[in-house]
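Chemist: Next comes the sequence, and after it the predicted model I'd like to discuss.
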Amino acid sequence: MDNPFVTKGYSGPEYFCDRVKETSQLVELITNGNNMALISPRRVGKTDLIRHCFQQPEISDKYYTFHIDIYATSSLRDFVNVFGRATIVVTVASAVRVLSATASASSVATKSIMSLQTSRRDSPTNSTSWISKSGNSA
């Protein structure tokens, strides 16, 4: 029998349970422009909580967000490369929002996003999430 529970990675709000209070607090902090740090032991869901917050309408409708995995970076050059790729992905995604009426533009942008994503979901991560208000360069 297959396991009915999602055990790896964020699979969307329909599979994310509990953490209502934490989600509300983080969304409020983000939308009020506050900086924050989430500190807790490994494997308790910090990254998925951030991804869940990024999916909330208060954030997804007003901000461009992205997540980068910096675990494999060993130098400033590596970090800049990973950060640059994520910036390109969010820029292309924002262009898709603007050009969503044109199916061919959406198709090209989707292929570009898929080819630029390189992070492994199954690796232990040191990760950073970024948020930028809509309309500003990320």
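Modeler: Yep, it's here. Numbers count the residues shown, from 1 in each chain.

Chemist: host element of residue 88?
Modeler: Element membership for residue 88, per DSSP states H and E: helix 76-98.

Chemist: on contacts alone, who are the packing partners of that helix?
Modeler: Contacts defined by 3 or more Cβ pairs under 8 Å, 6 or more residues apart in numbering; DSSP states H and E place helix 76-98 against strand 63-69, helix 103-116, strand 127-133. For glycine as for every other residue, the C-beta is placed from the backbone atoms N, C-alpha and C.

Chemist: Worst mean pLDDT among the ones you listed?
Modeler: Sorting those by mean pLDDT places helix 103-116 lowest, at a mean of 51.

Chemist: any idea how far the closest residue to residue 22 other than its chain neighbours is from residue 82?
Modeler: Leaving aside its chain neighbours, residue 22 sits nearest to residue 49 (6.1 Å; criterion: Cβ to Cβ, 6 or more residues apart in numbering). Computed as Cβ to Cβ, to the nearest Å, the residue 49 to residue 82 distance reads 22 Å.

Chemist: With residue 34 instead?
Modeler: 25 Å.

Chemist: By mean pLDDT, which helix or strand of the chain comes out lowest?
Modeler: Ranked by mean pLDDT, DSSP states H and E, the helix or strand of the chain with the weakest confidence is helix 103-116, at a mean of 51.

Chemist: so where is this protein shaky, pLDDT-wise?
Modeler: In the predicted model, the chain carries pLDDT under 70 at residues 1, 3-7, 13, 101-138.
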